[in-house]
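>>> here are the coordinates; sequence isn't available:
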């Protein structure tokens, strides 16, 4: 990682401090050591409370783009004028741009480092054969190889010029391009340049990408139709930040994007029967929509339910027809970090106005969806409704939605997000009779992905974290919020991968990696960057901090970093600052290690206060002795009673035969009185009160088997059938993170009969059986099955074979 010169000394101060704390004796582990040795040193750009510092800055990049979609060639040709403003304190001799389409070049780093049979961009691709069996290569991979061989992908950069028309020297490095300026760009200054480019659009289903086209060969139009989803479609400025300088990290496919905010004016020329959905606000509806469609769009702002702008009938007519020329759609977007769009003649389009709180920048937001007939009733019922629902839930946890539109587009991409526009994949299934249906899983998938992707417009499209380095900062936080929104949509739907209990298989697996692992190095991205951070945030909200304080802190984080670029340290520090809770132990365990939760309750001892009074204690001890089973051993027989010598010879008995060890003697009484007289007044008062109250004392022994320190949540059951719940803070592990004993005291008559750790499964404890004391009989099921015919031989058959008999074949 490259560091900006001005930050070098500050950041390098932390490791030296970290080396000063070393445990060189014993096996003590300080799970509560402060994170100041790990987190970057606060400075004037980012302060110690997690807020932007008083000298915080970020760059700005504005774009004016004209683009043409060649449908027949499936190619984009475009030109942009970029205005770059240097708000940093540094002079910049060059600028860097991102050329993300170059990931599809056959010589790209992503292609060259895609591992055979390993977890590459698309996961494992082959199954190695055993013996003489051939190695298998998936049809999907064959299709991808053929698409890559048959097409030339990546950017064709035809010109990079200064505003005066002079060529600017530029160097392409994989998915990056350096533009050398004629003179360094001073702090506070701006520069403009133009860039011209073109590229062939990838077929998403063949290549697997975050954008591309989808072909529909069976449509009534000759040659079929396409849906075009355009993202990473223009050279975008690389981020220059206070903590890293230029973010020159190659695009490898998994780690997404980090971008600068700016204003956009974009013109897209497309076939005249296409409908375009885009980041921003449509500037020329009079030129691209019919009068009736414009009326519908205006009416939708106050509609109580989604209403069509482009109807199914209009979409069907366009789908069957052919263009007569082109139209140019013009969109404007303010203060966005990216720009994406979609174009197709197949789209129907609906919209509904969503009212926000008075005083919001946009008091009415247009929630909209664009989908082909293949989306069917599923999309008509649920897409725009899910958009509207998401805005209401997320705004409650952060800030009013900051843009005028929020859109869901159906196409080949399963789920991707951009400012004001998202790509979402689930759709209906075509039956043999021509009807379309969908399963519960597809319905859940659509509602879930729409909530998730629209939620991304808050995180990271507005709270602008670096996806390329820290996927969890947007995916994990968004997965947490989309699970809340999902349960508020319908708690009976089968939502998964959000709560601690959902993550247990991953948490205990050897494939688990720390959440702070770099995005491109994560093996199981879903569990690591989505599920595990979500589970951690649910734990904070519902168990450790409490909903009111956590929600307040999350809103504060969102407010502080709205339209700014937070780092993990800013998130950690803000949550601690706003909740008033030291959570360094939590961040360290959940985000920096691969420990899991497994706290065992090993034993419970019930204790009573000894009165020290021999007239009370010794008779009690005699009773306890009498309740013990009679000893069994040599010379003792339960069935036959042997003669006892001292009973048959009474002359040999003495005092000790007539009195047992529990007989009270004057010496015992004197010892008791001496004990009382040796107590100072407050000690005697406390002792006599304890004897009188006769409370029940319980010592509970715990072992931390998983490594993660967590609060110990106890479900207590008493002899009278009543239950209680108790939470012991995680700090109980601060001196010994491996094992401990806890004393619980209850009044006389309140006797424990059962204790269960984490009775409501809040913490994701991996082994719930060692949570019970006394241990329970493990509940499970056994499934009866019928053997294959060739193997279904009875015990009688086997006995016959053993005796040399002919086995009975195929008995059923």
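Structure's in. What do you need? Bear in mind that the values here come from a model prediction, so they are computed numbers and not experimental data. Residues are numbered from 1 along each chain as shown.

>>> tell me the phi and psi of residue 268?
Torsion angles at residue 268 (phi, psi; degrees, to the nearest 10) stand at phi -120, psi 120.

>>> what do you get for the one 4 residues further on?
Backbone torsions of residue 272, given as degrees, to the nearest 10, read phi -70, psi -10.

>>> Where does pLDDT dip in this structure?
Within the chain, the ranges that satisfy pLDDT under 70 run 1-20, 117-132, 134, 633-641, 788-812.

>>> try it again with 50
Within the chain, the stretches with pLDDT under 50 are 1-18, 118-126, 792-812.

>>> Check the secondary structure at the spatially most central residue of it for me.
Nearest to the geometric centre of the chain sits residue 530, at 2.4 Å (CA atoms, centre = their mean). Under DSSP: H, G, I helix; E, B strand; the rest coil, residue 530 falls in the helix class.

>>> same thing with the one 3 residues further on?
Assigned by three-state DSSP, the conformation of residue 533 is helix.

>>> ok, it - contacts?
Residue 533 is in contact with 472, 475-477, 479-480, 515, 591, counting by CB atoms under 8 Å, 6 or more residues apart in numbering. Placement of C-beta: from N, CA and C, glycine included.

>>> try 6 Å this time
With contact set as CB atoms under 6 Å, 6 or more residues apart in numbering, residue 533 has these partners: 472, 476, 515.

>>> With residue 335 instead?
Residue 335 neighbours (CB under 6 Å, 6+ apart): residue 261.

>>> From residue 562, how far off is it?
Counting by CB to CB, to the nearest Å, the separation of residue 335 from residue 562 is 10 Å.

>>> same deal with residue 752?
50 Å.

>>> and if you look at residue 112?
Here residue 112 is placed at a distance of 39 Å from residue 562 (CB to CB).

>>> do residue 151 as well
41 Å.

>>> what about the strands in the stretch 101-250 of the chain?
Ranges of strands within the stretch 101-250 of the chain are 126-127, 136-137, 156-162, 170-173, 176-185, 190-200, 212-216, 225-230, 236-237, 240-241, 245-246, based on DSSP state E, counting those that start in this stretch.

>>> That should have said the stretch 301-450 of the chain, apologies.
Using DSSP E, counting those that start in this stretch, strands in the stretch 301-450 of the chain cover 307-310, 326-336, 341-344, 348-355, 364-371, 405-410, 415-418, 421-424, 429-430, 436-437.

>>> Tell me which of the ones you listed sits most buried.
strand 421-424 (a mean of 30; mean count of other CB atoms under 10 Å).

>>> what comes into contact with that strand?
The contact list for strand 421-424 (CB under 6 Å, 6+ apart) reads 229, 279, 340, 407-409, 411, 413, 415-416, 449-450, 453-454.

>>> give me that answer again for 7 Å
Residues outside strand 421-424 that contact it (CB atoms under 7 Å, 6 or more residues apart in numbering) are 229, 277-279, 340, 407-411, 413, 415-416, 446, 449-450, 453-454.

>>> which ones are touching residue 539?
Residue 539 makes contact with 500, 763 under the criterion CB under 7 Å, 6+ apart.

>>> Backbone dihedrals for it, please?
Per degrees, to the nearest 10, the backbone of residue 539 is at phi -60, psi -50.

>>> Use 850 as the first number for this chain going forward.
In the new numbering, first residue 850, that becomes residue 1388.

>>> which SS class is residue 899?
Three-state call for residue 899 (three-state DSSP): coil.

>>> how far away is residue 1449 from residue 1551?
When distance is defined by CB to CB, residue 1449 is 7 Å away from residue 1551.

>>> Now distance to residue 1096 too, for the strands of the stretch 1150-1299 of the chain, in a markdown table please.
A markdown table is the format used below for those (distance: least, CB to CB, whole Å):
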| stretch | distance to residue 1096 |
| --- | --- |
| strand 1156-1159 | 39 |
| strand 1175-1185 | 18 |
| strand 1190-1193 | 25 |
| strand 1197-1204 | 34 |
| strand 1213-1220 | 31 |
| strand 1254-1259 | 28 |
| strand 1264-1267 | 19 |
| strand 1270-1273 | 24 |
| strand 1278-1279 | 42 |
| strand 1285-1286 | 44 |
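
>>> now for these, which one comes closest to residue 1229?
Closest of the strands of the stretch 1150-1299 of the chain to residue 1229 is strand 1197-1204, at 7.2 Å (criterion: CB to CB).

>>> quick revisit: surely the residue nearest to the centre of the chain meets residue 1324?
Yes. At 4.8 Å, residue 1379 and residue 1324 qualify as touching, with contact defined as CB atoms under 7 Å.

>>> ok, the closest residue to residue 1624 other than its chain neighbours - how many residues close by?
Using CB to CB, 6 or more residues apart in numbering and skipping the chain neighbours, the partner closest in space to residue 1624 is residue 1618 (7.1 Å). Here the number of neighbours of residue 1618 (other CB atoms under 10 Å) works out to 11.

>>> Relative to residue 1576, how far out is residue 1618?
For residue 1618, the distance to residue 1576 - CB to CB - is 21 Å.

>>> Could you do residue 1415 as well?
From residue 1415 across to residue 1576, the span is 30 Å (CB to CB).

>>> more crowded one of the two?
residue 1415 (26 against 13).

>>> which residues of the stretch 1250-1399 of the chain fall in helices?
1289-1304, 1321-1338, 1353-1357, 1374, 1381-1388, 1396-1409 (DSSP state H, counting those that start in this stretch).

>>> and the angle from the last one to helix 1381-1388?
Counting by axes from the mean of the first three to the mean of the last three CA atoms, to 10 degrees, helix 1396-1409 points 130 degrees away from the direction of helix 1381-1388.

>>> which residues sit against helix 1396-1409?
For helix 1396-1409, contacts defined as CB under 7 Å, 6+ apart pick out 900-901, 1246-1248, 1312, 1389-1390, 1420, 1423-1424, 1427-1428.

>>> and the two most separated of the residues you listed?
901 and 1390, at 24.4 Å, using CB to CB across these.

>>> on that earlier part again, quick one: closest of the strands of the stretch 1150-1299 of the chain to residue 1344.
Of the strands of the stretch 1150-1299 of the chain, nearest to residue 1344 by CB to CB is strand 1264-1267, at 15.2 Å.

>>> Can you list the strands that that closest one pairs with?
Strand 1264-1267 pairs in its sheet with strand 1270-1273 (antiparallel), by DSSP bridges.

>>> Tell me which residues touch residue 1432, please.
So residue 1432 contacts 1424-1425 (CB under 7 Å, 6+ apart).

>>> ok, it to residue 1389 distance?
Between residue 1432 and residue 1389 the computed distance is 7 Å (CB to CB).

>>> By residue count, tell me the biggest helix in this protein.
The residue-count maximum for a helix in the chain (DSSP state H) belongs to helix 1225-1246.

>>> tell me what that helix is packed against?
In terms of contacts (3 or more CB pairs under 7 Å, 6 or more residues apart in numbering; DSSP states H and E), helix 1225-1246 is packed against strand 1197-1204, strand 1213-1220, strand 1254-1259, helix 1289-1304, helix 1321-1338, helix 1396-1409.

>>> Can you give me the buried ones in the last one?
By that I understand helix 1396-1409. Buried residues in helix 1396-1409, counting neighbours by 16 or more other CB atoms under 10 Å, are found at 1398-1400, 1402-1403, 1405-1407, 1409.

>>> tell me which strands and helices the helix or strand following that helix is in contact with?
Sequence-wise, the next helix or strand downstream of helix 1396-1409 (DSSP states H and E) is helix 1417-1428. If contacts are counted by 3+ CB pairs under 7 Å, 6+ apart, helix 1417-1428 sits against helix 1396-1409.

>>> again, only using 8 Å
When contacts are defined as 3 or more CB pairs under 8 Å, 6 or more residues apart in numbering; DSSP states H and E, helix 1417-1428 packs onto helix 1396-1409, helix 1433-1441.
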